[in-house]
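Engineer: Okay, structure incoming, though there's no sequence with it:
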């Protein structure tokens, strides 16, 4: 448009110059002819410029449309390339990666093996400080010795009384007063024994209330190997508190303990007795166990796993490395063949040390993605974004 305006201005200027020139120096008929000629040139030039501008506009519009079509084709080809990585089979998205893509992103799979798992209770455990128990043991042993001493005194007093009584009955060699004094001494020593026994019983009852009947017997025993191992820090005692509503199965004397401070290695713990108190927060049934010290110290927290008496279930173990957490739950990718991978949910109600025990949705012998599951998840949902854009 701007080129046409400039050209018209130049043509008009030329026409004015011709008109003035012939008006001043030419004949009248030449002046009239020059004016007509200038008008014809200006009109022809304007038409030519208009035609060229129209052609230029058409060319520009056509070129833009062609470029836009090429861009759309490129986008469609890109979308097609991405979309071909995900196909829908029976309503389930399946990610496709060829051998080159799998090697590039590092996809690795592993075959699932058949595994047996018995249902178990997961409970919290804490290492008990045994100092109060040792102090209580000292009091109990002191009371035991007092009882033994009172028994010895009473036995001696009874023998003396019997000796004097017989002498008095035989020939009256012993005065009756001495016999009466000996009898009183027996009564006094018997009361002293009863008093010592009552004190011991009180301490034992307190021990039963604080530590349970089994450990209470430890407190009054002279030689208790299990207690000696605790004192020498070879073993530690654990308070295991079950979740609220759970009960310890019968005839299950063992539990597996894993410290919350280490790498999760488990060690065996042996049942001792029912505990007379529980955790203020957990409020579940509680029990005493003992296990090897192995770095455990008083006050440390641990996790206890106690197997139930239920029949062991068959299933597979989904390793931690195969699980992707998204959309509020756990997922894994099942290898349908070398190139196709489908996302499956993973039940997390049976967590083991190395992953999750699963009985449904996957079977032994199938292959699961153990490296690159996060990449497959990103690829699957990137395809869904493309579909939404197309809509």
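Structural biologist: On my side now, so go ahead. Everything numeric here is computed off the predicted structure, so don't read it as measured data. Numbering: from 1, shown residues only.
Engineer: Domain ranges for this protein, per the record?
Structural biologist: 2-71, 84-115+313-390, 130-227, 233-307 (automatic domain parsing).
Engineer: Among these, which comes closest to residue 123?
Structural biologist: Ranking those by proximity to residue 123 (CB to CB) places domain 233-307 first, at 4.6 Å. Placement of C-beta: from N, CA and C, glycine included.
Engineer: Whichever helix or strand residue 272 is part of pairs with which strands, and in what direction?
Structural biologist: Residue 272 is part of strand 266-274, with elements assigned from DSSP states H and E. Sheet pairing of strand 266-274 (DSSP bridges) gives strand 254-259 (antiparallel), strand 286-292 (antiparallel).
Engineer: least reliable of these going by mean pLDDT?
Structural biologist: Per-stretch mean pLDDT for those is lowest at strand 254-259 (a mean of 84).
Engineer: from the chain's centre, how far out does that strand sit?
Structural biologist: Distance of strand 254-259 from its chain centroid, counting by CA atoms, centre = their mean, to the nearest Å, is 18 Å.
Engineer: what ranges do the strands span in the stretch 101-250 of the chain?
Structural biologist: 108-111, 115-117, 120-127, 235-241 (DSSP state E, counting those that start in this stretch).
Engineer: okay, the ones you listed in CSV with mean pLDDT and distance to residue 142 next?
Structural biologist: Shown next, in CSV, are these (pLDDT from 0 to 100; distance: least, CB to CB, whole Å):
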stretch, mean pLDDT, distance to residue 142
strand 108-111, 93, 63
strand 115-117, 85, 51
strand 120-127, 89, 28
strand 235-241, 94, 23
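Engineer: okay, those, which one's buried deepest?
Structural biologist: strand 235-241 (a mean of 23; mean count of other CB atoms under 10 Å).
Engineer: Remind me what that strand packs against, helices and strands.
Structural biologist: strand 120-127, helix 225-231, strand 266-274, strand 286-292, strand 301-307 (3 or more CB pairs under 8 Å, 6 or more residues apart in numbering; DSSP states H and E).
Engineer: Next, the angle from it to strand 286-292.
Structural biologist: 150 degrees (axes from the mean of the first three to the mean of the last three CA atoms, to 10 degrees).
Engineer: Which neighbours in the sheet does strand 235-241 have, and how are they oriented?
Structural biologist: Partners of strand 235-241 in its sheet, by DSSP bridges: strand 120-127 (antiparallel), strand 286-292 (antiparallel).
Engineer: Nearest to residue 243, out of those strands?
Structural biologist: Nearest of the strands paired with strand 235-241 (CB to CB): strand 120-127, 6.5 Å.
Engineer: which residues sit against that closest one?
Structural biologist: Contacts with strand 120-127, where a contact means CB atoms under 8 Å, 6 or more residues apart in numbering, come from 236-243, 246, 248, 255, 257, 269, 279, 282, 284, 289, 296-308, 351.
Engineer: again, only this time at 7 Å
Structural biologist: 236, 238-243, 246, 257, 282, 296-308 (CB atoms under 7 Å, 6 or more residues apart in numbering).
Engineer: are any of the residues you listed buried, and which?
Structural biologist: Buried members of the contacts of strand 120-127, counted by 16 or more other CB atoms under 10 Å: 236, 238-242, 257, 296, 302-307.
Engineer: ok, back up a step: could you provide the strands paired with strand 235-241 in a markdown table, with additional columns for distance to residue 205?
Structural biologist: Listed next are these as a markdown table, based on distance: least, CB to CB, whole Å:
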| stretch | distance to residue 205 |
| --- | --- |
| strand 120-127 | 25 |
| strand 286-292 | 18 |
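Engineer: Show me the one of the ones you listed that comes nearest residue 177.
Structural biologist: Of all those, strand 286-292 comes closest under CB to CB, at 57.8 Å.
Engineer: on that earlier part again, now the domains of the chain as JSON lines including distance to residue 122?
Structural biologist: As requested, those are arranged in JSON lines below (distance: least, CB to CB, whole Å):
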{"stretch": "domain 2-71", "distance to residue 122": "58"}
{"stretch": "domain 84-115+313-390", "distance to residue 122": "8"}
{"stretch": "domain 130-227", "distance to residue 122": "23"}
{"stretch": "domain 233-307", "distance to residue 122": "6"}
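Engineer: mind checking pLDDT for the closest residue in space to residue 173 that isn't next to it in sequence?
Structural biologist: Once flanking residues are discounted, residue 173 sits nearest to residue 167: 5.0 Å by CB to CB, 6 or more residues apart in numbering. What the model reports for residue 167 is a pLDDT of 87.
Engineer: wait, doesn't residue 167 sit right on residue 176?
Structural biologist: No. Taking contacts as CB atoms under 7 Å, residue 167 lies outside contact range of residue 176: 10.8 Å.
Engineer: Compare the two and say which is more crowded by neighbours.
Structural biologist: Legend: neighbour count by other CB atoms under 10 Å for residue 167 and residue 176, higher for residue 167 (15 against 11).
Engineer: about what we covered before: export the helices and strands packed on strand 235-241 to TSV and append columns for distance to residue 376.
Structural biologist: Below are the helices and strands packed on strand 235-241 laid out as TSV (distance: least, CB to CB, whole Å):
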stretch	distance to residue 376
strand 120-127	31
helix 225-231	52
strand 266-274	32
strand 286-292	42
strand 301-307	32
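Engineer: If anything else comes up later, I'll come back, but that's it for now.
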